Structures are given as structure tokens and as C-alpha cells.
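**Student:** Test case, fold it:
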Amino acid sequence: MGFLELLVFLFNFGYVLYLVYSHRFYEYFTRLNEYFTRHCLYCRSYWSRIKGYIYKQIQIYISFLVDYYNKKKK
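**Tutor:** As a prediction, the model looks like this:
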């Protein structure tokens, strides 16, 4: 069971890294950022909230995985 959980963790962590660092995701994210900050004056505050939410979710996911596997080690 431990080996299967490790494989699932590595797959999920690799997928998150792929999404964050892949060229397509970065390009799409920068296009959205450029559109909302330049063309949509009303949406600027909402876009900053959305970006903060995305970053916060990534931090929560990574901290959950780190805590989970630190508890599994003990």
C-alpha cells in the first residue's frame, strides 16, 4: 500500500508541476493577466482576487501533501 500511495503522490505532484511550469499554461495565464489588467478596468480587482485564490490553492495543496507524508514517515 505504501508503494502505491507513493506512486499516486509522485503522479499528482508531477502533474501540478507540469501545469505550473508548462509553456501553454504560462502563456494562457499571461494572456488572461494582460487582458484583465489592460482592457477591463472593472475586472482588475476581481482578477487580482482570482490570482490570489489560485496561488493560495496551490500552496494549500502542496502543504497538505507535505504534512501528509511527514505524518506517514513518523
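
**Student:** residues of the helix or strand harbouring residue 31 that come out buried?
**Tutor:** Using DSSP states H and E, the element containing residue 31 is helix 23-38. Buried positions in helix 23-38, judged by neighbour count with 16 or more other C-beta atoms under 10 Å: residue 36. In this view, the C-beta of every residue, glycine as well, is placed from N, C-alpha and C.

**Student:** Just want the angle from the top helix by length along the chain to helix 23-38.
**Tutor:** As assigned by DSSP state H, the longest helix anywhere in the chain is helix 44-73. Interaxial angle, helix 44-73 versus helix 23-38 (axes from the mean of the first three to the mean of the last three C-alpha atoms, to 10 degrees): 140 degrees.

**Student:** any idea how far helix 44-73 is from the chain center?
**Tutor:** The chain centre lies 7 Å from the centre of helix 44-73; the measure is C-alpha atoms, centre = their mean, to the nearest Å.

**Student:** ok, now stretch 7-15?
**Tutor:** What separates the centre of stretch 7-15 from the centre of its chain is 13 Å, taken as C-alpha atoms, centre = their mean.

**Student:** Good, wrapping up.
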